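**Q** output the structure for:
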Amino acid sequence: MNRLKPEFVLRLSLAAMYFYSGYSLLTSPRSWTQFVPFGFKEILGRINFPVASFIQVQGVGELFIATVFLLWFLPRRLVKWLALISTLEMGLILIFTGVDNITFRDFGLLGASFALFLMYARK
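**A** Coordinates of the predicted model:
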């Protein structure tokens with residue numbers, strides 16, 4: 001157990017979450033459109049960018065984050081900044097989607113992302 005590092009566990013678990021959600025966003029974007037805040041949908045409409053396309057772009061981004069979290073040989077500063085982006089994403093989800101029956105998971109993901117950021121920011 002002494003050889004198992006907390007940052008490895010955080011990276012692996014966040015990568016699994018991002019692979020799962022990124023794949024779903026990319027392959028089933030219409031299943032996710034209900035979670036995009038109304039005001040943001042209006043902005044996308046004004047610039048003529050379909051909500052489903054935005055969700056697919058989000059999916060590609062999440063698959064990228066997952067890949068970086070898994071590839072241990074990539075620069076630490078890249079992991080640090082993507083952990084910060086993950087923290088911001090989870091924070092924005094909490095702010096803009098409101099509280100429901102699955103909000104507790106978002107708090108855990110927010111904490112895990114921020115903990116990973118702090119680990120890499122201190123090194």
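
**Q** hey, let's count contacts and neighbours off CA atoms from now on
**A** Noted.

**Q** which residues of this structure fall in helices?
**A** Taking DSSP state H as the criterion, the chain carries its helices at 6-27, 38-46, 51-70, 76-97, 103-121.

**Q** most tightly packed of the ones you listed?
**A** Compared across these, helix 51-70 shows the largest average neighbour count, a mean of 20 (mean count of other Cα atoms under 10 Å).

**Q** so where's the protein shaky on pLDDT?
**A** Under the criterion pLDDT under 70, the flagged ranges of the chain are 1.

**Q** please repeat the previous calculation with a cut-off of 50.
**A** For the chain, no stretch has pLDDT under 50.

**Q** roughly how far apart are residue 113 and residue 11?
**A** 9 Å (Cα to Cα, to the nearest Å).

**Q** ignore what I typed, I meant residue 30.
**A** Using Cα to Cα, one obtains 28 Å as the distance from residue 30 to residue 11.

**Q** what's the answer for residue 49, then?
**A** The gap separating residue 49 from residue 11 is 32 Å, by Cα to Cα.

**Q** one more: residue 82?
**A** For residue 82, the distance to residue 11 (Cα to Cα) stands at 11 Å.

**Q** what does residue 84 give?
**A** Counting by Cα to Cα, the separation of residue 84 from residue 11 is 13 Å.

**Q** ok, and the closest non-adjacent residue to residue 93?
**A** residue 106 (7.8 Å; Cα to Cα, 6 or more residues apart in numbering).

**Q** hang on, I meant residue 109
**A** Closest residue in space to residue 109, ignoring its immediate chain neighbours: residue 90 at 6.8 Å, by Cα to Cα, 6+ apart.

**Q** I'd assumed residue 110 was in contact with the one you found.
**A** Yes: Residue 90 is in contact with residue 110 according to Cα atoms under 8 Å; the separation is 5.3 Å.

**Q** ok, now how distant is the residue nearest to residue 109 from residue 111?
**A** Here residue 90 is placed at a distance of 9 Å from residue 111 (Cα to Cα).

**Q** with that, I have no additional questions.
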